[in-house]
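J.: Have a look; sequence and predicted model below, questions after that.
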Amino acid sequence: MAREVRAFAVTVLTLAALGVAAGLVWSGLTPRAPYQVTEQGTTVLADPATQALIAADGWYAVITGALGLLCGGVAWFSGRQWMLPVLLGLCAGGVLAAFLTLWTGTTFTIGAVTVEAAAAPGVKVVPGALRLTASGVLVSWPLLAVGFFGLLEGMHGYRESPLRHPYGIGPDLGERR
């Protein structure tokens with residue numbers, strides 16, 4: 001029982017650490033939306049046609065989705081002895097990693113952030129904070145990690161299954177098992 005708990009905990013903690021790193025990468029790669037500072041000191045979106053808000057969602061989905069696939073594959077190959085704890089760790093750790101990626105990316109700004117927007121003379125344009133507008137991309141990490149893990153296990157199970165050779169006929173036609 002202790003080994004299963006340890007396999008679960010290692011999986012969750014590994015994915016959590018990757019989530020923090022993914023948040024820093026997301027913060028460094030994602031363009032910021034341009035915001036205009038009003039006379040009252042508040043900010044409003046300077047360019048309503050900007051694609052930066054959509055790009056933030058897309059970069060988040062690409063980064064966390066790729067890491068989900070990577071984690072699912074590595075977990076399947078390395079966790080063959082403790083399949084269920086590793087699978088549960090992928091699910092719980094993927095959710096935790098997704099939220100840590102979001103928190104890290106929105107809290108820390110990596111690199112120089114510049115924005116471009118068509119503004120009237122004398123208007124101050126500043127980069128906006130990084131945020132997600134499509135909250136559905138939060139499930140990309142755990143969904144792809146667990147899904148890829150299940151796909152690999154299903155392919156492996158089918159390869160060793162007696163259903164692969166119906167009627168007891170082996171790979172060489174006519175040979176009985």
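T.: It's in. Numbers count the residues shown, from 1 in each chain.
J.: Mind pulling up the pLDDT for the closest residue to A52 other than its chain neighbours?
T.: The spatial neighbour of A52 that comes closest, neighbours along the chain excluded (C-beta to C-beta, 6 or more residues apart in numbering), is A33 at 4.0 Å. Where C-beta positions appear, they are placed from N, C-alpha and C, glycine not excepted. If you check A33, the pLDDT there is 80.
J.: Looks like A33 contacts P127 (just checking).
T.: Yes. Contact status for A33 versus P127: in contact at 7.5 Å, counting by C-beta atoms under 8 Å.
J.: So the two - more neighbours on which side?
T.: Counted by other C-beta atoms under 10 Å, A33 and P127 do not tie: A33 has more neighbours, with 23 against 17.
J.: which residue is nearest the middle of the chain?
T.: Compute the mean C-alpha point of the chain, and by C-alpha atoms, centre = their mean the closest residue is T64, 1.7 Å away.
J.: List the contacts of that residue.
T.: For T64, the contacting residues are A22, A97, A98, T101, V137, S140, W141, by C-beta atoms under 8 Å, 6 or more residues apart in numbering.
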